[in-house]
Structures are given as structure tokens and as C-alpha cells.
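Engineer: my questions concern the predicted model and sequence given below.
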Amino acid sequence: MLTVIVQVHVVEEGIQAFREASVQNARASRKEPGIARFDVVQRSDDPARFVLIEVYRNAGAPGLHKQTAHYQAWRDAVAHLMASPRVSHQFEDVD
């Protein structure tokens, strides 16, 4: 398993649009065979900050995910909504 944590800071006026696009992407992503889990969470004390928690079944799954129409639609829809570039980190299971 490979877990990718993506931190996103969204412009204030783009919060709702980012949330809607991200939920739509997450729902479609969960149907991919290479994805075990895909969550979108929003900070309660700073609604402009989101975290995407993506759990892939293998190392090749993220690349396949980025080829899907729903990912590409999400990427294009949210690009202008980000206050700063998104930051992602990859983690491997230790147990």
C-alpha cells in the first residue's frame, strides 16, 4: 500500500468550488481498482485548507489515477482555486 497525503490551500472565494470538485473526484476515484481509500477533509478552524488522503494498492496506481478523466477534470477545475501550489508526501506501510 502507498498513501499519498496532499495538502491544499484554497483561495477564500474558491472554497465551495474546490470542495465540490474534490468530492466528485473522490467518489469517482474510489471506484478505481487501484485505490483502496480516497478521502477529502477540510480544516474546521481554517476552511480554506484541505487534505486529500489517497491510499493506493500498489506503486503503479497513482500514475493510472492521473490518467483518468475524473482526475484530469478535477485538476483543471481547481488549478485556479489554489492560493499556493499543493504539497504532497508519499508514505509506505510499515506494518
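Structural biologist: Now that the structure is in, tell me what you want to look at.
Engineer: chain center to stretch 69-78: distance?
Structural biologist: 10 Å (C-alpha atoms, centre = their mean, to the nearest Å).
Engineer: buried stuff in it?
Structural biologist: H70, Y71, W74, A77, V78 (16 or more other C-beta atoms under 10 Å). C-beta here means a position set from N, CA and C on the backbone, and glycine is covered the same way.
Engineer: confidence score at the second one?
Structural biologist: In this case it means Y71. The model reports Y71 with a pLDDT of 97.
Engineer: that older thread, nearest to E12, of the buried residues of stretch 69-78?
Structural biologist: Using C-beta to C-beta, V78 comes nearest to E12 of the buried residues of stretch 69-78, at 14.4 Å.
Engineer: that closest one reaches R19, doesn't it?
Structural biologist: No. Using C-beta atoms under 8 Å, V78 is not in contact with R19; the gap is 9.9 Å.
Engineer: spell out which helix or strand contains A26, please.
Structural biologist: According to DSSP states H and E, A26 maps onto helix 15-29.
Engineer: what packs against that helix?
Structural biologist: Judged by 3 or more C-beta pairs under 8 Å, 6 or more residues apart in numbering; DSSP states H and E, the packing partners of helix 15-29 are strand 35-42, strand 49-56, helix 69-78.
Engineer: ok, the nearest residue to N58 once chain neighbours are set aside to K66 distance?
Structural biologist: Nearest non-adjacent residue to N58, counting by C-beta to C-beta, 6 or more residues apart in numbering: G34, 6.4 Å away. With distances taken as C-beta to C-beta, to the nearest Å, G34 is found 11 Å from K66.
Engineer: more neighbours, these two?
Structural biologist: When neighbours are counted by other C-beta atoms under 10 Å, G34 and K66 differ, and G34 comes out ahead with 16 against 10.
Engineer: which residues does the more buried one contact?
Structural biologist: Counting by C-beta atoms under 8 Å, 6 or more residues apart in numbering, G34 touches Y56, R57, N58, G60, A61, L64, H65.
Engineer: do the same with Y56
Structural biologist: With the criterion set at C-beta under 8 Å, 6+ apart, Y56 makes contact with M1, L2, T3, V4, G34, I35, A36, P62, H65.
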